[in-house]
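> This is a predicted model, with the sequence first.
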Amino acid sequence: MSNELDYLSRRVALGKLSRRDFLGRAAALGVTTVFANSLLTSAAMAEGPVKGGTLKAGMQGGASTDSLDPATWQSQVPYKFGRQWGEQLVEIQPDGTLQPKLAEEWGSSDDAKVWTFKIRKGVQFHDGKDMTPDDVVATMERHSDANSKSGALGVMGGISNVKKDGDTVVFTLKEANADLPFLMDDYHLMIQPNGGKDKPTAGIGTGPYKVVTDEPGVRHIGSKFENYWNGDKRGHAEQIEIIVINDATARTSALQSGQVHMINRVEPKIVDLVKRVPGVTIQNVAGKGHYVFIAHCNTAPFNNNDLRLALKYAMNREDMVQKILRGYGSVGNDFPINKAYPLFSDDIEQRAYDPDKAAFHFKKSGHDGPILLRTSDVAFPGAVDAAQLYQQSAAKAGITIEVKREPGDGYWSEVWNKQPFSESYWGGRPTQDQMYSTAYLSTADWNDTRFFNEKFDKLLITARGELDEAKRKAMYRDMSVIVRDEGGVIVPMFNDFIDATSAKVGGWVPDGNQEMSGGYALSRCWLNA
Amino acid sequence: MSTPVLKLVAQRIAMGILLLLAVSVLIFAGTQILPGDVAQSILGQSATPQALENLRRDMGLNDPAYIRYLHWLGGILTGDLGTALSSGQDIASSLKGRLWNTLFLAFWAAIVSIPLAIGLGLLAVRYRNGFVDKLISGLGLASTSLPEFFTGYLLIYFVAVRLQWFPSVSTVYEGMPLGERLSAIALPVTVLTLVVLAHMMRMTRAAILNVMQSAYIETAELKGLSPLQIITRHAFPNAIAPIVNVVMLNLAFLVVGVVVVEVIFVYPGMGQYLVDHVAKRDVPVVQACGLIFAAVYVSLNIIADIVAIVSNPRLRHPK
């Protein structure tokens, strides 16, 4: 079978090409309809979990400083390896809904202040012990200890008490929070024996794979856990391996030469080239991550809303998506939420590039002179180019943007969240509440736009305790509009996650919650026989 | 060995130790002036003031610099490199594997490149100014002039992706069979060889040609020795000192200068280890790596000096 046909039939199996289109392409390649149809059948038949083999991923985002302690995780490799060997109480699905994991079911009091999780029975840890509600309580305690350096500290901050009650674990909150179950999907909050308090780096969890080899910054290997409770759905390969390949070219060539079966972070610049490699499939999915230009709402000249509006109208979003993301993304609308979030309202008017309006608001603001924008290579991929594009689109509105390129070293400590106008990125959060609470609430640690809006804060707190979804959706809509029209953030684009798989990989599920199929690629996928 | 030689050697070693001490001060000072501190770098974009304060207190980052320097120096003298701030692991034990990998790669690159360079240098002298000489020099210079990442990517594309002879990812691990290990490092060794070859080869050629002007070479010629015999028996031994010097410089490069090659081929050596820790501002690891690199450089240069001294009959047999 020619590479082209092979590629096309796999596209059909993945649902990315219709049968009719396939037959058309096949005819163009000089293949009879009967033969093309038979190809299609064999490609579709091949889809279905195959057990065994070693599934390998080449991934960016690992360093020799990584550890197995979930509290310390920040980068892609330990996080994605963790998703294979440990599990949380719940799991967010590709469609944004919650599915039971180590908790079987959950519910709350009417005021959304007390949450009860029924813990699954018959789940075993890798060390042979049964998982109990006590382990769940201990895990929550470890990650909410103020002295702990856990990345989940912020998530746990709103919880005043966690205790066991028979088969269940009861969370008592300081303030009502209808989203609490979503927070339990946080990758740091993996349930460990006695919460991992005895030895944080032991690497023991309940996941489909046991940690066999852990060489930080080099490779991580897991082998199938025989007593895994959910073995029909997850953990098809006998062994999984993550090889840390931080260099983009090396990652691509490892995929091409068959040394790994899947890679993350294919750069938008080279996607079109990688796409043409026989056997390779680009797996791109719209996510919640977005790139931002942030202005401090409390610092002159950005404390003037007309100036902020001028800066917003001066942004050519379509152009950004085409040139910076090469089309692998979607335009933003100056608030940090898109359709990947639950309870998103799609009827908010899209802001478009309008040099006239930009010039009007700029004039009205009374500001004169250039605007200094700080950027760096590390702000997001293509950040410096984006700054220059912005400079040009703003110039057409008569606004002079002065671009200052800062060193990547120290950008996050010296520039971001310090300087009044800079570029940055956000990875997105599972829920709207979390995204807004993390960066837009007046009291948020990372309120990087210095956005202080009483009405917004009130809405956010009220929405948190509102269990009626229609009402919450309306509140989130109002909040989005406030940020869009008064906030200090310019959101030109939401970036896709772009991964790539080789022909050997089956069972890939597009999942916008995170890259690599929501982080679960290695246990969701299998090696085609 | 006679006293003057011993004295000279002892002087060299003492100088080396002094130099290392000076380097340790420089390394320590250098790591102090980097922007941002360890706590900030570990927590990155997700740092809250509370978490920052907790980390700084735990790591003793609030002590004055000179106290931290003395602590550190004392630890090193007793063989304790400290613990990595970012992962809490013992530096000495995690560094050992990386250092071993780096030395392994450098060793094989040296095994291939040094005999090749010297052999080609001798050949170039034998056929000097002829076609062979020009060909060797030209190819050598071309391979050195190409940046190593470019040669690396070319090799990956043709040898690993197209021909699939050797893997493009050179990940090695403990307990890997030697055969597999050698196959894994084939491409990085090739790149490193290409990078260092010309320098050593040209130096060999120049040093021997220099000796070839001497009167005793003419005597040897008149005696009826073949050109190759003259070169190997009479010219080469007298040109050893400069050759060893340049060989040692290149050996040092093979140990300390291969970060780019490590990144391209995903080789778990010291360079990548150092870069990871610089990015995390893991100062104790950066300092330890810096000092090890300095020690390698200094000791290889001492060896070159000693060889030069010992190979000089006037120093070995004083009147």
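Perfect, thanks for sending it. Numbers count the residues shown, from 1 in each chain, chains lettered A, B, ... in the order given.

> What segments of the stretch 251-400 of chain A are strands?
According to DSSP state E, counting those that start in this stretch, the stretch 251-400 of chain A carries its strands in the segments A:262-263, A:281-295, A:329-331, A:371-375.

> average model confidence for the longest one?
Just to be clear, that refers to strand A:281-295. Per-region confidence: strand A:281-295 scores 93 on mean pLDDT.

> then it to CSV, C-alphas only?
This file holds the C-alpha atoms of strand A:281-295, laid out as CSV (Å, rounded to 0.1, in the frame of the first residue of the first chain):
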residue,chain,number,x,y,z
THR,A,281,-0.1,11.8,12.1
ILE,A,282,-0.4,15.3,13.6
GLN,A,283,-2.7,15.3,16.6
ASN,A,284,-3.8,18.8,17.2
VAL,A,285,-6.6,19.8,19.6
ALA,A,286,-7.9,23.1,20.8
GLY,A,287,-7.0,23.7,24.4
LYS,A,288,-7.5,26.2,27.1
GLY,A,289,-3.9,27.6,26.9
HIS,A,290,-3.6,31.1,25.6
TYR,A,291,-1.0,33.8,25.0
VAL,A,292,-1.5,37.2,26.6
PHE,A,293,-0.3,40.8,26.4
ILE,A,294,-0.8,42.1,30.0
ALA,A,295,-1.1,45.7,31.0
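
> now for it, which elements pack on it?
helix A:3-13, helix A:271-275, helix A:305-313, helix A:383-395, strand A:421-426, strand A:489-501 (3 or more Cβ pairs under 8 Å, 6 or more residues apart in numbering or on different chains; DSSP states H and E). All C-beta atoms are positioned from the backbone trio N, CA, C, and that covers glycine.

> which one of these is the most hemmed in?
When neighbours are counted by mean count of other Cβ atoms under 10 Å in any protein chain shown, the highest per-stretch mean among the helices and strands packed on strand A:281-295 falls to strand A:489-501, a mean of 25.

> List the contacts of the very next helix or strand once past that one.
As assigned by DSSP states H and E, the chain's next helix or strand after strand A:489-501 is strand A:505-506. With contacts defined as Cβ atoms under 8 Å, 6 or more residues apart in numbering or on different chains, strand A:505-506 is touched by A:46-50, A:55, A:261-262, A:281, A:525-528.

> Dump those to CSV, plus distance to A:Arg317, secondary structure and neighbour count.
What follows is these, written out as CSV (distance: Cβ to Cβ, whole Å; DSSP: H, G, I helix; E, B strand; the rest coil; neighbours: other Cβ atoms under 10 Å in any protein chain shown):
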residue, distance to A:Arg317, secondary structure, neighbour count
A:Ala46, 41, helix, 14
A:Glu47, 37, coil, 14
A:Gly48, 42, coil, 11
A:Pro49, 41, coil, 15
A:Val50, 43, coil, 17
A:Leu55, 38, strand, 24
A:His261, 35, coil, 27
A:Met262, 31, strand, 26
A:Thr281, 28, strand, 21
A:Cys525, 34, coil, 26
A:Trp526, 39, strand, 22
A:Leu527, 41, strand, 20
A:Asn528, 40, coil, 17
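
> Quick one: which of those residues has the lowest pLDDT value?
A:Ala46 (54).

> mind listing what the residue in the stretch 101-250 of chain A positioned nearest to chain B touches?
Using Cβ to the nearest Cβ, the single residue of the stretch 101-250 of chain A nearest to chain B is A:Val218, 4.4 Å away. Residues counted as contacts of A:Val218 (Cβ under 8 Å, 6+ apart) are A:Ser64, A:Ile243, A:Val244, B:Thr171, B:Tyr173, B:Pro268.

> With A:Asn227 as the reference, measure out to it.
Going from A:Val218 to A:Asn227 by Cβ to Cβ, to the nearest Å gives 29 Å.

> ok, which residues in the stretch 101-250 of chain B are in contact with chain A?
Counting by Cβ under 8 Å from any Cβ of the partner chain, the positions of the stretch 101-250 of chain B adjacent to chain A are B:Tyr153, B:Ile156, B:Tyr157, B:Ala160, B:Val161, B:Gln164, B:Pro167, B:Ser168, B:Val169, B:Thr171, B:Tyr173.

> Return the member of these nearest to B:Thr144.
Distance from B:Thr144 was checked for each of these by Cβ to Cβ. The minimum falls on B:Tyr153, at 16.8 Å.

> Mind pulling up the pLDDT for the closest one?
Per the predicted model, pLDDT is 90 at B:Tyr153.

> wait, is it part of a helix?
Yes: counting by DSSP: H, G, I helix; E, B strand; the rest coil, B:Tyr153 is located in a helix.

> got the contact list for the nearest residue to it once chain neighbours are set aside?
For B:Tyr153, ignoring the flanking residues on the chain, the nearest one in space by Cβ to Cβ, 6 or more residues apart in numbering or on different chains is A:Thr249 at 6.0 Å. A:Thr249 sits next to B:Tyr153, B:Ile156, B:Ile264 when contact means Cβ under 8 Å, 6+ apart.

> Need those residues in CSV (columns: neighbour count).
Shown next, in CSV, are these (neighbours: other Cβ atoms under 10 Å in any protein chain shown):
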residue, neighbour count
B:Tyr153, 18
B:Ile156, 26
B:Ile264, 28
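
> Kindly reformat these as JSON lines and extend each row with distance to A:Ala395.
Shown next, in JSON lines, are the contacts of A:Thr249 (distance: Cβ to Cβ, whole Å):
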{"residue": "B:Tyr153", "distance to A:Ala395": "37"}
{"residue": "B:Ile156", "distance to A:Ala395": "42"}
{"residue": "B:Ile264", "distance to A:Ala395": "39"}
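
> quick check, nearest of these to chain A?
When the contacts of A:Thr249 are compared for distance to chain A (Cβ to the nearest Cβ), B:Ile156 wins out at 4.9 Å.

> Nearest approach to A:Ser148 belongs to which of the helices and strands packed on strand A:281-295?
Ranking the helices and strands packed on strand A:281-295 by their distance to A:Ser148 (criterion: Cβ to Cβ) puts strand A:421-426 first, at 24.0 Å.

> Would you mind getting the angle between the closest one and helix A:305-313?
Interaxial angle, strand A:421-426 versus helix A:305-313 (axes from the mean of the first three to the mean of the last three Cα atoms, to 10 degrees): 60 degrees.

> So what angle separates the directions of the next helix or strand after strand A:421-426 and strand A:489-501?
Scanning the chain past strand A:421-426 towards its C-terminal end, the next helix or strand to appear is helix A:432-439 (assignment: DSSP H and E). Between helix A:432-439 and strand A:489-501, the angle formed by their directions is 120 degrees, by the same axes, to 10 degrees.

> just to revisit the earlier point, ok, the residue of the stretch 101-250 of chain A closest to chain B to B:Ala184 distance?
Counting by Cβ to Cβ, the separation of A:Val218 from B:Ala184 is 12 Å.

> So A:Ile282 sits against A:Asp496, correct?
No: no contact is recorded between A:Ile282 and A:Asp496 when judged using Cβ atoms under 8 Å, the distance being 9.8 Å.

> Show me what from the stretch 151-300 of chain A comes close to chain B.
Proximity of the stretch 151-300 of chain A to chain B is confined to A:151, A:153-154, A:201, A:213, A:215-219, A:243-247, A:249-250, A:253-254, A:256-260 under the rule Cβ under 8 Å from any Cβ.

> So which of those residues are in helices?
With helices identified by DSSP state H, the entries of those that belong to them are A:Leu153, A:Gly154, A:Thr249, A:Ala250, A:Ser253, A:Ala254, A:Gln256.

> List the residues that contact the first one.
In this structure, A:Leu153 makes contact with A:His143, A:Ser144, A:Ala146, B:Thr48, B:Ala51, judged by Cβ under 8 Å, 6+ apart.

> Any quick ChimeraX command for the buried ones out of those residues?
When burial is assessed using 16 or more other Cβ atoms under 10 Å in any protein chain shown, the buried subset of the contacts of A:Leu153 is captured in ChimeraX by this command:
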select /A:143,144 /B:51
